[in-house]
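Participant: need the 3D shape of this:
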Amino acid sequence: MKISKSELNHKKILIVGDIILDQYLFGKVERISPEAPVPILSIFKTEERLGGAANVALNCKALGCNVEIVSVIGNDLDGQKLVNKLEEKNIICFIEKNNSYKTVKKTRLIGNYQQILRMDDEQIPPKITKKTFNNFLKRYKKSDVIIFSDYAKGVLDELPDLIQRVKGNNKICLIDPKGSDIRKFKGADIITPNYKEIKMLVGPYDNEKDFESKIFKMMEENEIKNIVLTKGKDGITLFQLEENLQFNIKGRSSEVYDVTGAGDTVISVLAVLLSINYSLKSACEVANRAGGIIVQKFGTSSIMFEEIF
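Facilitator: A predicted model of the protein is given here:
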């Protein structure tokens with residue numbers, strides 16, 4: 001099915017979730033420290049990129065949609081950098097600056113183009129604030145598709161209530177899930193876990209058949225219509241509750257360089273295509289192709305319209 005970018009220009013995607021500043025310190029490793037048996041990284045370049053829900057927003061925008069994002073940052077320099085980068089891409093921000101919160105930053109040390117260390121700097125707030133919740137209430141009815149991008153940093157602690165609001169207004173709802181409590185995602189149209197995440201949600205199982213049976217049982221008990229299971233180089237499996245269907249899509253990448261942000265790309269492509277009435281199966285096939293492209297890029301990156309259409 002051929003589409004043009006102009007078809008997407010009037011579609012609006014709302015992203016709600018945890019935004020993260022991804023920092024990369026690139027350097028050379030040529031010797032070991034005399035102080036401890038660790039490499040010395042001589043840094044020659046620093047990059048800062050949009051991460052978490054902000055990377056989802058960037059992917060949706062790069063594909064041609066109008067994008068709005070609801071989130072929380074700290075009243076700090078890293079938070080302002082995130083807002084600036086989002087606004088530079090013409091992504092409309094409804095982002096609360098919270099004095100009791102510290103903007104999440106992940107710093108990756110890259111030596112000879114291999115990641116040697118990641119440092120996470122974060123302070124998770126107790127729960128979503130009334131201001132952020134109200135920002136969501138003001139925006140979701142005007143959106144074609146809503147993505148909840150959960151990185152377990154606090155913004156989506158009240159997710160069940162947000163899902164019910166979306167369901168009551170017949171909006172398509174996609175969730176990138178974190179954690180082991182499937183009840184948090186009850187009523188979702190689509191969740192997009194990876195293998196590690198689905199195993200946490202399902203719990204112990206005896207064999208592959210038992211695993212698949214428990215997935216469908218979990219979906220039925222929690223009113224989850226579809227699960228798009230991302231499996232890295234092995235592709236995607238779509239589970240659909242209504243048809244009791246399982247559909248496997250083979251991986252498209254022969255080389256996996258970096259899986260950072262691959263899940264962000266998959267959920268973004270799904271949301272964009274569902275906004276123009278693609279079938280979920282067809283959207284999964286395109287998302288699988290996009291995922292195969294993005295894992296050949298280094299770090300958090302966005303997929304471009306021209307790369308997949």
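
Participant: can you count the residues close to the nearest residue to residue 156 once chain neighbours are set aside?
Facilitator: The spatially closest residue to residue 156, leaving aside those adjacent along the chain, is residue 150, at 4.6 Å (Cβ to Cβ, 6 or more residues apart in numbering). For glycine as for every other residue, the C-beta is placed from the backbone atoms N, C-alpha and C. Residue 150 sits with 24 neighbouring residues when counted by other Cβ atoms under 10 Å.

Participant: what's the answer for residue 3, then?
Facilitator: Applying other Cβ under 10 Å, we find 15 residues neighbouring residue 3.

Participant: who touches the closest residue to it other than its chain neighbours in this structure?
Facilitator: Once flanking residues are discounted, residue 3 sits nearest to residue 309: 6.1 Å by Cβ to Cβ, 6+ apart. When the contact criterion is Cβ atoms under 8 Å, 6 or more residues apart in numbering, the partners of residue 309 are 2, 3, 286.

Participant: which residues of the stretch 51-200 of the chain fall in strands?
Facilitator: Shown for the stretch 51-200 of the chain, the strands assigned by DSSP state E, counting those that start in this stretch span residues 66-74, 92-98, 102-111, 114-123, 145-149, 172-176, 190-191.

Participant: residue 22 sits in which helix or strand?
Facilitator: Secondary structure from DSSP states H and E places residue 22 in strand 19-32.

Participant: which helices and strands sit right next to that strand?
Facilitator: In this structure, strand 19-32 packs against strand 39-52, helix 53-62, strand 66-74, helix 77-88, strand 102-111, with contacts taken as 3 or more Cβ pairs under 8 Å, 6 or more residues apart in numbering; DSSP states H and E.

Participant: circling back to that earlier point, which of the strands of the stretch 51-200 of the chain sits closest to residue 205?
Facilitator: Taking Cβ to Cβ as the criterion, residue 205 comes closest to strand 190-191 out of these, the separation being 18.1 Å.

Participant: which strands and helices sit next to that closest one?
Facilitator: In terms of contacts (3+ Cβ pairs under 8 Å, 6+ apart), strand 190-191 is packed against strand 172-176, strand 226-230.

Participant: out of the ones you listed, which comes closest to residue 32?
Facilitator: The closest approach between residue 32 and any of the helices and strands packed on strand 190-191, judged by Cβ to Cβ, belongs to strand 226-230 at 37.6 Å.

Participant: perfect, that will be all.
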